[in-house]
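Asks: kindly return the folded structure for what I paste below:
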Amino acid sequence: MSILVTGGAGYIGSHTSIALLKAGYSVIIADNFFNSRPEMIQKIEQLAGKKVIFYEVDVTNEQAVNQIFIHHQIDGIIHFAGLKAVGESVKKPLKYYYNNILSTLVLAKACHKYGVDKFVFSSSATVYGDNKVPFVETMDLLPTTNPYGETKVMSERILTDFGKVNPNFSVSLLRYFNPVGAHESGLIGEAPNGIPNNLMPYITQVAKGKLERLRIFGNDYPTVDGTGVRDYIHVMDLAEAHVAALEHLTPGVNIYNLGTGKGTSVLELVKAFEDANGITIPYEVVARRLGDIAECYADVSKAKRELGWEAKRDIVTMCRDAWRFERYYEE
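Replies: Numbering: from 1, shown residues only. The predicted structure follows:
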């Protein structure tokens, strides 16, 4: 099977592309390198021992996307391409609504036009809003606290409604919690442009000396130590979940939480990183960040039951792998 991976040079997309190649799939990557780098394609091929087909395109460009479908027989799509910084989405909502929703619409139209009936969507736990933890797939979705989350809700609705009128269309909505870590080789990992929006690359850049200290956004949440609690999942566990989702696709809409089912606070993650790597991380507490909630962790029983998948790598492994990548990574 040939799978189109949008955003395949990005953090999660690159690791998933390797998992797909290792599982025997052919991979076509579409990426505009907005938050990734061209050398990632060669690294994916090096780690997988196989070639990929690559298109440097923005998937909001319908004409460019159509050219990919015209030139290749595509059996399925995994859609990662999108803007993903919660804080930035609050400040630049139109940018997020345009990019994230239009890209989903363009790909859904292409599926309809070219007869592609397998679609795996990169969604997010932010769709739950400030719900009661643990988050379960059957929950009513509350209004999210940021435009990024709203774009995921809207994209889920677009794909769900499209599936209702196309009975052969199989879509899996994968609600990620907090991906961290890196490939065990240390060759690829999370390398955001500019100051990181996510916690782990911020920690690793402080450890490396690229940033002076970690900023912790608020320590007055109703949590174990006042800092935000999240469900951190190793990026390779997440990548393997995409292969499982693809292999278990059935007609209709399938929704799965992807996490470990355990919450870890910011301070607990900092301590785990320090203990795993023997490094002290200086930090300062600053004001809460717009759009953040106190706790976010998953009920992951459905993915285990229906996909035969569960996260295998622990927090220590996440911290060690993230630091291994950062230590040897050169911009």
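
Asks: ok, residues contacting the helix or strand of the chain with the lowest mean pLDDT?
Replies: None of the helices or strands of the chain scores lower by mean pLDDT, DSSP states H and E than helix 86-91, at a mean of 89. For helix 86-91, the surrounding residues in contact (Cβ atoms under 8 Å, 6 or more residues apart in numbering) are 83, 95-96, 126, 146-149, 151, 197, 289-292. C-beta: built from backbone N, CA, C; applies to glycine.

Asks: and stretch 195-211, by the same measure?
Replies: Everything outside stretch 195-211 that qualifies as a contact, by Cβ under 8 Å, 6+ apart, is 84-88, 178, 180-181, 190-192, 212-215, 230, 232, 266, 269-270, 273, 277, 279, 281-283, 318-319, 322-323, 325-327.

Asks: for this structure, just list every one of the strands.
Replies: Counting by DSSP state E, the chain has strands at residues 2-6, 26-30, 53-55, 76-79, 118-124, 170-176, 178-180, 214-217, 229-230, 232-234, 252-258, 264-265, 283-286, 295-296.

Asks: which helices and strands sit right next to the second one?
Replies: This means strand 26-30. For strand 26-30, the helices and strands in contact under the criterion 3 or more Cβ pairs under 8 Å, 6 or more residues apart in numbering; DSSP states H and E are strand 2-6, helix 11-22, strand 53-55, helix 62-71.

Asks: tell me what angle it forms with helix 62-71.
Replies: Calculated by axes from the mean of the first three to the mean of the last three Cα atoms, to 10 degrees, strand 26-30 forms an angle of 160 degrees with helix 62-71.

Asks: partner strands of strand 26-30, parallel or antiparallel?
Replies: Strands that pair with strand 26-30, judged by DSSP bridges, come out as strand 2-6 (parallel), strand 53-55 (parallel).

Asks: against residue 302, how distant is residue 224?
Replies: Using Cβ to Cβ, to the nearest Å, one gets 26 Å for the distance from residue 224 to residue 302.
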